[in-house]
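1. no sequence for this one, just the structure:
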């Protein structure tokens, strides 16, 4: 069982940066593929980025070049550095974990989810 807790969301202006964190419980964090998803108001949950347990990454086209995922296995934490934020990035951001090797972009494949953190980007 893994518990995920996101933090770092907030209200920023277009062009600003934010760094989200997702702290995981448990002792096998390095064995998990981690991902970030987001859900804007009135829209479906959307894949943002994933990092495999070997630290390979895969980004959605909408965030490529602006967002960077990283992980610190010693701290059981995954990060999402978001630069050049746009109003369309406004959403609740969720951290997800899957105990498996591989790259997973479908939300239904993930076993554990955090409660989400709100990111609001004003124009």
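-> Received the coordinates, thanks. Just so we're clear, the structure is a prediction, and the values are computed from it rather than from any experiment. Residues are numbered from 1 along each chain as shown.
2. quick one, what contacts the residue nearest to the spatial centre of the chain?
-> With distances taken as Cα atoms, centre = their mean, residue 36 lies nearest the centre of the chain, 2.3 Å away. Applying Cβ atoms under 8 Å, 6 or more residues apart in numbering to residue 36 gives the contacts 20, 22, 48, 49, 50, 69, 78, 80, 93, 94, 95, 96. For every residue, glycine as well, the C-beta is placed using N, CA and C.
3. check the gap between the fifth one and residue 100 for me.
-> Plainly put, residue 50 is 11 Å away from residue 100 if you go by Cβ to Cβ, to the nearest Å.
4. neighbour count winner among those two?
-> Between residue 50 and residue 100, counted using other Cβ atoms under 10 Å, the more crowded position is residue 50 (25 against 14).
5. and the more buried one, what element?
-> strand 46-51 (DSSP states H and E).
6. strand partners (parallel or antiparallel) of the helix or strand that that strand is followed by?
-> Next helix or strand after strand 46-51 toward the C-terminus (DSSP H and E): strand 57-59. Here strand 57-59 has these sheet partners by DSSP bridges: strand 46-51 (antiparallel).
7. I would like the residues contacting the partner strand, please.
-> 33-40, 57-60, 62-63, 67, 69-71, 78, 80, 91, 93, 103-107.
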